[in-house]
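*Asks:* Sequence below, structure please.
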Amino acid sequence: MGTEKKAAGQARKLPVQGLVNALTRAALSTPGVAKGIGRDLILLYVFGRKSGKRYAIPIAYMEHDGKVLIGTQFGWVRNLRTGDPIQVRYKGRLRSAEVEVVTDADRVAELYTVMCRDNHAFAKFHTIGFDAAGEPDPDAVREAVRLGARAILLTPQVG
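*Replies:* From the prediction side, this is the model:
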């Protein structure tokens, strides 16, 4: 069983991703612990379009222009619709959030560049390298977009 080399811009999935996600979901749902790891991770509660099943998706985020910015290439993003509210566990608290799914290729590339620049682990996960000036490789960012990357802007409700 060799290691599979991912193409530039292609998201990685760990062999133990299910276990990692289960542990992360539990931690994000545990008072006290959630505030610590919740500085970097948010838990999205997404309903399957066909199944109607509720999924809890742990994902890294960053603050951007007064919103919560996340990015993914995984299929669950197709269950989100701009304007539809979702539940999130954000900074240790369950809240409602407004959703904006960004699909315009240029805007997704712009937001992915911001995420890669500010979070090198995000860049590594998406197989996006950096040039000599420390900027994300624009070709790898474009490839991520071509492979289905979406950016999501959330506006969690306060209170």
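
*Asks:* Parallel or antiparallel, list what pairs with the strand ranked longest in the chain.
*Replies:* Ranked by residue count, the top strand of the chain under DSSP state E comes out as strand 93-102. Sheet partners assigned to strand 93-102 using DSSP bridges are listed as strand 86-90 (antiparallel), strand 150-156 (antiparallel).

*Asks:* gap between the shortest one and the chain center?
*Replies:* From the chain centre to the centre of strand 86-90 is a distance of 13 Å (Cα atoms, centre = their mean, to the nearest Å).

*Asks:* Contacts for that strand, please.
*Replies:* If you take Cβ atoms under 8 Å, 6 or more residues apart in numbering as the criterion, strand 86-90 is touched by 28-29, 34, 38, 42-46, 68, 80, 94-97, 99, 154, 156. All C-beta atoms are positioned from the backbone trio N, CA, C, and that covers glycine.

*Asks:* which stretches of the protein form helices?
*Replies:* Applying DSSP state H to the chain gives helices spanning 17-28, 33-37, 105-118, 120-125, 138-146.

*Asks:* Lowest average pLDDT across those?
*Replies:* Lowest mean pLDDT within those: helix 33-37, at a mean of 61.

*Asks:* CSV for the strands paired with strand 93-102, including mean neighbour count and distance to Phe130?
*Replies:* Shown next, in CSV, are the strands paired with strand 93-102 (neighbours: other Cβ atoms under 10 Å; distance: least, Cβ to Cβ, whole Å):
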stretch, mean neighbour count, distance to Phe130
strand 86-90, 21, 29
strand 150-156, 20, 19
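
*Asks:* Which of those sits closest to Thr103?
*Replies:* Evaluated with Cβ to Cβ, the strands paired with strand 93-102 place strand 150-156 nearest to Thr103, the distance being 6.1 Å.

*Asks:* tell me the angle the closest one makes with helix 138-146.
*Replies:* Interaxial angle of strand 150-156 relative to helix 138-146 (axes from the mean of the first three to the mean of the last three Cα atoms, to 10 degrees): 80 degrees.

*Asks:* Alright, I will stop here.
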